[in-house]
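Trainee: A predicted structure for the sequence below; I have some questions about it.
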There are 2 protein chains.
Amino acid sequence: MVDTAPARPTSTSTASEAPNADATGDPAAGTPVGSTDTDVRIDTTLLGELLLGRWAEDRRISRRLTLDPGLHKIEGQPIAEHRARALGQLQVLVDAGAIQRPYPTEFGGQENHGGNLAAFEELTTADPSLQIKAGVQWGLFGSAVHHLGTERNHREFLPGIIRFDVPGCFAMTETGHGSDVQSIATTATYDPAAQEFEIHTPFRGAWKDYIGNAALHGKAAVVFAKLVTAGVDHGVHAFYVPLRDADGAFLPGVGGEDDGVKGGLNGIDNGRLWFDHVRVPRTNLLNRYGDVAEDGTYSSPIASPGRRFFTMLGTLVQGRVSLDGAAVVAQKIGLQIALTYAMERRQFPTGGGDEGVLLDYGRHQRRLIPRLATVFAQSFAHEQLLQTFDDVFSGREDTPQRREDLETQAAAFKSMSTWSALDTLQECREACGGAGFLAENRLTGLRADLDVYVTFEGDNTILLQLVGKRLLTEFRAKAPRDAASTARFVAAQAASKLADASGIRRLGQAVADRGSMASSVSDLQDPRTQRALLAGRVETMVTEIGMRLASAGKDRDRAARLLNRSQHELIEAAKAHAELMQWDAFTAAIESVAPGDTRRVLVWLRDLFALGLLEQHLDWHLVHGRLTAQRARAVSAYVDRLVARLRPVVPQLIESFGYAPEHVRAPIALGEERARQEEAAAWFAAEAAAGRLPEQEKKPQP
Amino acid sequence: MVDTAPARPTSTSTASEAPNADATGDPAAGTPVGSTDTDVRIDTTLLGELLLGRWAEDRRISRRLTLDPGLHKIEGQPIAEHRARALGQLQVLVDAGAIQRPYPTEFGGQENHGGNLAAFEELTTADPSLQIKAGVQWGLFGSAVHHLGTERNHREFLPGIIRFDVPGCFAMTETGHGSDVQSIATTATYDPAAQEFEIHTPFRGAWKDYIGNAALHGKAAVVFAKLVTAGVDHGVHAFYVPLRDADGAFLPGVGGEDDGVKGGLNGIDNGRLWFDHVRVPRTNLLNRYGDVAEDGTYSSPIASPGRRFFTMLGTLVQGRVSLDGAAVVAQKIGLQIALTYAMERRQFPTGGGDEGVLLDYGRHQRRLIPRLATVFAQSFAHEQLLQTFDDVFSGREDTPQRREDLETQAAAFKSMSTWSALDTLQECREACGGAGFLAENRLTGLRADLDVYVTFEGDNTILLQLVGKRLLTEFRAKAPRDAASTARFVAAQAASKLADASGIRRLGQAVADRGSMASSVSDLQDPRTQRALLAGRVETMVTEIGMRLASAGKDRDRAARLLNRSQHELIEAAKAHAELMQWDAFTAAIESVAPGDTRRVLVWLRDLFALGLLEQHLDWHLVHGRLTAQRARAVSAYVDRLVARLRPVVPQLIESFGYAPEHVRAPIALGEERARQEEAAAWFAAEAAAGRLPEQEKKPQP
């Protein structure tokens, strides 16, 4: 992945936008306190379209739908009412035709996969519970029938799912095995005499857990279980299993529990399910990737059990893709709230006697503006992921390579953006002080609801480990094979440990050490330098870990120990790879914009994103000799300068998100604070004019 | 502060505990995966007493009280019921004699200030809403009457407050001015004819906001307002103002609003208050620091209005002190939950075929064990702060210097520990996966409740800025006075910018650059090296900022711009100072323990804390030449080694916290997961013995 991605930027294409005029030595240069003047005019319509991406129209339709107050979250609503409200909201989506997009035309769909996720992500502004409950029904339950089933299953089950006659569950996770789906213990044993599967939960740890719609509303479920026929365990397969009767009572042999209150998303009735020798017809097996004949003979188009398992799981990647998009949407809303407040709220007298607005304070700019740059990067990266997803799922480009790209991008971007969402929403909440803690201003609720995004649909730590292992696999494909050259390779690495740029050079990855070649400070603005530093970090990290693991040779115990000791580093390498891909996506987006102010501002944002990453990993670049101490100091100075430079265009950047007051809703972001400020100022002016203000107590004579 | 604190450790006192035996070159050395053997035995009783500190008995009493299920938070309880429950719980505290400790003996108190806060902090395990609602009543409302009032006020108001006949409010913050108390706009104008003050809110921004007990339960309030008499504004003073009648209706001229649902602490009825020419008797002024005679003549024992204001606010420091302690308590509970689960939960097969427990994974150790070390540091630091607080408030050592220490320690430690609590609780929640998101496992609820701790009782960012400004004041006191030597000083600094250890040496602070002198890797274990690196960082950061500000000379605009541009760095310097004080407190605590295993483990924890800080700020140490690239690499390797070394003693460390199952309550920390694992293992063993397990599908022949 690292070395196959093209180095997209060319120096000439963006050098003209670099703020060279500011590269003076005066640390006090830049925008003065309180100034909001700017002669830079962003084309917010153009930028808005760029952010909306290929499925702009689907996003617009979804945004129009979520203007409806009936879809908005009521903060603090008791759990029972919130669950009932979310259930009703799902019917609104069905009636509006909002959920049919991905399904076959035969069932009223459009086979529009990218547009479906784009529209789905925008539901986040209404209520993440609504979004995720819809995701459970159509993105997981319906999607499993769609993608793991064949026409037989589609005709039998899809109409009820799409019409929402059958609210359902996606019963994969078990209490005992969260992310380790291959180790689930529920069984589906085929009985050829009855031509039925018997679904069974052998012990408490095998209960299905954290299952949306399981506590109350689920009438049926796609249950993942180990398929056993003729005494052989063929691994995990999916079965359609009815759960409850028309009155909502569990069917015989089915039981469960309510997961109760959660840290967020309380509009969804998560719960547990168990099955005591529950029988379903043979044809309830979703049989696209594995089938059992009437006599019990197993067959599959994929011979390898391992590859079959991962192919089946691969069809479920859209959950990750959509969470990445939802995390971007939530951050835009959060930043719009906190930045609007920061541009209106005044606090503490400044030098001139007036009180400055919060966003003119250096620290406040540092807290919010780099996160704004990051969300632009994530927004462009997500658009790229969505296009990859659509390429694969439309069948237009369903190749193993493209599927692997999709898996890697989804795992990497979902991890980065969902963690970033928690960080950004928290910073926004703190930046609004006490007002940020009030539920009406939405920041605490969005954060609480998005909390679980970092561990569901694949725990971020485990997803990044998968990304890391793929990077290692690529490394091994390039590393020398025979023992003698491996030994020389390792020795060469060890010798160059303290100046490891040279080690990298031996690998022939010349791009990696451009950073140490560049000498001038302004070079940090060159996108080629930025990319060389980001890409060099990934390659070096992976090489270091790969070399270490290779040193174990055939000693498997030692190899396992070394891998465990390297787990922390491997995950950091995967993050570095994700950051590089985000940077690439940002840069590619810039290339599509004609020269002018809009492009210039996008370059500043991209530079801030890149320099922010360098600042964050400065220690690594210093230890590995990629930056000198002098250039390292320049990184932070540039971040400061870019932040001040972007300050005046913050209103235009927010406007380009394109959200209406009904999407934002926080009173502090809708003029409430400005009105209070103006009233107070008018009062003081009137009192002063009338001579009614008391004089201040004199300071005592010394 | 920096240079007056003694360099407590001596090399000989701790060198014997250093894990030198492990300082080998093999990166795979250390504790093998899955091993929980240890020959190190901590005296958990001794360590437990050390953590309980000087007011161990008060803590024990409070912990016994909070065994009562009637005091425990009910997660997801609707807001109205939660508020009513918290109100009732406060009466339980009164009846148990749990809140009287700090008050004068005349009113049933013990004048036990340190013990009061120690006991109060332990209420966090029951329900942070209960804790903070009690804090509003007795730590703010009662404490304001106690410390800002005189005997006259005490006799009139304290009995009702202490008995809880009068639930009350601390009405300081206004919507328009959160942290900037000096700019509040509510007025209290004296009318000599009536011998009354007239309390008035001139506009919406001057409404009191975020006030605990204001929405429902408050019968009276201490209202902060600008005292105006004879046409002169004497600045902010506090007044006792009745709010509601016996039926709970607002008195004439008083009004307000409910703040509604919040991100946490929903057992407290926060709200807004306004006053429309409300009259109170002259004697309702809390008149310890300022009084008005019948004829309207103002008098104060403190001549300077500025010093008077800060003295009055200084009496309210105990809120910050107690939040620091509460943040430590919450982290202990959170870590106990996540670490217990991590030692029982198994996930994914490991090399040997079995599934490892989570805490044997390298990444999982990295996620939780350094945070355990940090909470030990914070616990010892808090104990020191509590002693400073008691020294001042008991009058035993009420000196300006000691008060300043108190202010600085409280601001620094409260900021660090409350941010740390959010970080630790979030990491704990994620480390428990889906189980961590269930409210029953408490991590999300504790985090939500503690969220506002970072911005109330002084916003952390503003508190750290105060610490930073004090550091700058000290710097200026040492810097040369006359223009010529200042110029030479600045020039010398500029010349040595790239190797600034030498710049520091010129200041005569030889301790700061020990780090660059030390050459051997094992030197990082030497507490003198650790302290030199931590202290050197503070001094250098402050010097850099101080020099920059001095360069403005008499140009006030430029000085203001430079200060604003340095705000981010100044706050980082304040954090560095806080970390140094935490390290000092940890080291002082170790000195009190006799040599042996307990002390050895504490040294490892302290080293992990110190090396964790070095790792976090590695870029700074590299840029400033304090660590070479080689030693910088050694830092992370040592962190890895210490984490693995501490892994086996984690159960004993948790045990030393001394919490009962009734304090912890999370099912996943009370054996639930272990029971499930054992049931599953027994089932598989029985099935295998009976020959009932199906065989696995064979891999296809290539």
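Mentor: Right, received. Where do you want to start?
Trainee: alpha carbons only for contacts and neighbour counts from here, please
Mentor: OK.
Trainee: in chain A, which residue sits nearest chain B?
Mentor: In chain A, the residue that lies nearest chain B is A:Asp619 (4.0 Å; C-alpha to the nearest C-alpha).
Trainee: so that residue sits right up against B:Leu618, yeah?
Mentor: Yes: counting by C-alpha atoms under 8 Å, B:Leu618 is a contact partner of A:Asp619 at 5.4 Å.
Trainee: show me where pLDDT drops low in the stretch 51-200 of chain A?
Mentor: Filtered on pLDDT under 70, the stretch 51-200 of chain A yields the residue ranges A:178.
Trainee: ok, which stretches of it are strands?
Mentor: Using DSSP state E, counting those that start in this stretch, the strands of the stretch 51-200 of chain A run over A:168-171, A:187-191, A:196-200.
Trainee: in TSV: those strands, plus distance to A:Ile545 and mean neighbour count.
Mentor: Shown next, in TSV, are the strands of the stretch 51-200 of chain A (distance: least, C-alpha to C-alpha, whole Å; neighbours: other C-alpha atoms under 10 Å in any protein chain shown):
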stretch	distance to A:Ile545	mean neighbour count
strand A:168-171	37	30
strand A:187-191	39	25
strand A:196-200	43	23
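Trainee: columns distance to A:Ala686 on top of these, output as JSON lines?
Mentor: What follows is the strands of the stretch 51-200 of chain A, written out as JSON lines (distance: least, C-alpha to C-alpha, whole Å):
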{"stretch": "strand A:168-171", "distance to A:Ala686": "64"}
{"stretch": "strand A:187-191", "distance to A:Ala686": "79"}
{"stretch": "strand A:196-200", "distance to A:Ala686": "78"}
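Trainee: quick check: residues of the stretch 351-500 of chain A near chain B?
Mentor: Counting by C-alpha under 8 Å from any C-alpha of the partner chain, the stretch 351-500 of chain A comes close to chain B at A:351, A:361-363, A:366, A:430, A:433-434, A:437-440, A:444-445, A:448, A:452, A:454-456, A:459, A:498.
Trainee: let's see which of those end up in helices.
Mentor: If you go by DSSP state H, those have A:Gly362, A:Arg363, A:Arg366, A:Glu430, A:Gly433, A:Gly434, A:Phe437, A:Thr444, A:Gly445, A:Ala448 in helices.
Trainee: can you tell me, leaving aside adjacent residues, what's nearest to A:Arg63?
Mentor: In space, and not counting its chain neighbours, A:Arg63 is closest to A:Glu122: 6.4 Å by C-alpha to C-alpha, 6 or more residues apart in numbering or on different chains.
Trainee: so what's the residue of chain A closest to chain B up against?
Mentor: B:His617, B:Leu618, B:Asp619, B:Trp620, B:Leu622 (C-alpha atoms under 8 Å, 6 or more residues apart in numbering or on different chains).
Trainee: make a markdown table from those and add secondary structure to it.
Mentor: Below are these laid out as a markdown table (DSSP: H, G, I helix; E, B strand; the rest coil):
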| residue | secondary structure |
| --- | --- |
| B:His617 | coil |
| B:Leu618 | helix |
| B:Asp619 | helix |
| B:Trp620 | helix |
| B:Leu622 | helix |
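Trainee: quick check: the residue nearest to A:Arg63 vs A:Leu65, distance?
Mentor: Distance, A:Glu122 to A:Leu65, using C-alpha to C-alpha, to the nearest Å: 10 Å.
Trainee: isn't A:Cys169 right next to A:Val222, touching?
Mentor: Yes: with contacts counted by C-alpha under 8 Å, A:Cys169 reaches A:Val222, the gap being 6.2 Å.
Trainee: need the overlap of contacts for these two.
Mentor: Overlap of the contact sets of A:Cys169 and A:Val222 (by C-alpha under 8 Å, 6+ apart) consists of A:Phe141.
Trainee: in stretch A:639-650, what's buried?
Mentor: Buried residues in stretch A:639-650, counted by 16 or more other C-alpha atoms under 10 Å in any protein chain shown: A:Val639, A:Asp640, A:Arg641, A:Leu642, A:Val643, A:Ala644, A:Arg645, A:Leu646, A:Arg647, A:Pro648, A:Val649, A:Val650.
Trainee: TSV for those residues, including pLDDT and distance to chain B?
Mentor: Compiled in TSV, the buried residues of stretch A:639-650 are given as follows (pLDDT from 0 to 100; distance: C-alpha to the nearest C-alpha, whole Å):
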residue	pLDDT	distance to chain B
A:Val639	94	12
A:Asp640	91	8
A:Arg641	92	10
A:Leu642	95	13
A:Val643	96	11
A:Ala644	93	10
A:Arg645	95	13
A:Leu646	97	15
A:Arg647	96	14
A:Pro648	96	16
A:Val649	97	19
A:Val650	97	19
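Trainee: just the ones of those residues in helices?
Mentor: Short answer: the buried residues of stretch A:639-650 in helices (DSSP H) are A:Val639, A:Asp640, A:Arg641, A:Leu642, A:Val643, A:Ala644, A:Arg645, A:Leu646, A:Val650.
Trainee: could you measure from the fourth one over to B:Phe376?
Mentor: Okay, so that is A:Leu642. 39 Å.
Trainee: same question, the second one
Mentor: Computed as C-alpha to C-alpha, the A:Asp640 to B:Phe376 distance reads 35 Å.
Trainee: and for the first one?
Mentor: Between A:Val639 and B:Phe376 the distance, using C-alpha to C-alpha, works out to 35 Å.
Trainee: ok, and for stretch A:250-261, which residues are buried?
Mentor: A:Phe250, A:Val254, A:Gly255, A:Gly256, A:Glu257, A:Asp258, A:Asp259, A:Gly260, A:Val261.
Trainee: list, one by one, the residues from the stretch 201-350 of chain A near chain B.
Mentor: A:202-205, A:210, A:228, A:231-235, A:259-264, A:303-305, A:347-348.
Trainee: put the buried members of those into a ChimeraX selection.
Mentor: Only the buried entries of these go into this ChimeraX selection, using 16+ other C-alpha under 10 Å:
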select /A:202,203,204,205,210,228,232,233,234,235,259,260,261,262,263,264,305,347,348
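Trainee: narrow the residues of the stretch 201-350 of chain A next to chain B to those in strands?
Mentor: A:Tyr210, A:Val228, A:Val232, A:Asp233, A:His234, A:Gly235, A:Gln347, A:Phe348 (DSSP state E).
Trainee: any chance you could map the strands in the stretch 551-700 of chain A?
Mentor: Secondary structure of the stretch 551-700 of chain A (DSSP E, counting those that start in this stretch): strands located at A:695-696.
Trainee: actually the stretch 201-350 of chain A, not the one I wrote
Mentor: Under DSSP E, counting those that start in this stretch, the stretch 201-350 of chain A gives strands at A:208-211, A:220-229, A:232-242, A:254-258, A:271-275, A:278-281, A:291-292, A:298-299, A:346-349.
Trainee: deepest in the core, which of those is it.
Mentor: For the strands of the stretch 201-350 of chain A, the largest average neighbour count (mean count of other C-alpha atoms under 10 Å in any protein chain shown) is found in strand A:208-211, namely a mean of 28.
Trainee: for it, name the packing helices and strands.
Mentor: strand A:168-171, strand A:271-275 (3 or more C-alpha pairs under 8 Å, 6 or more residues apart in numbering or on different chains; DSSP states H and E).
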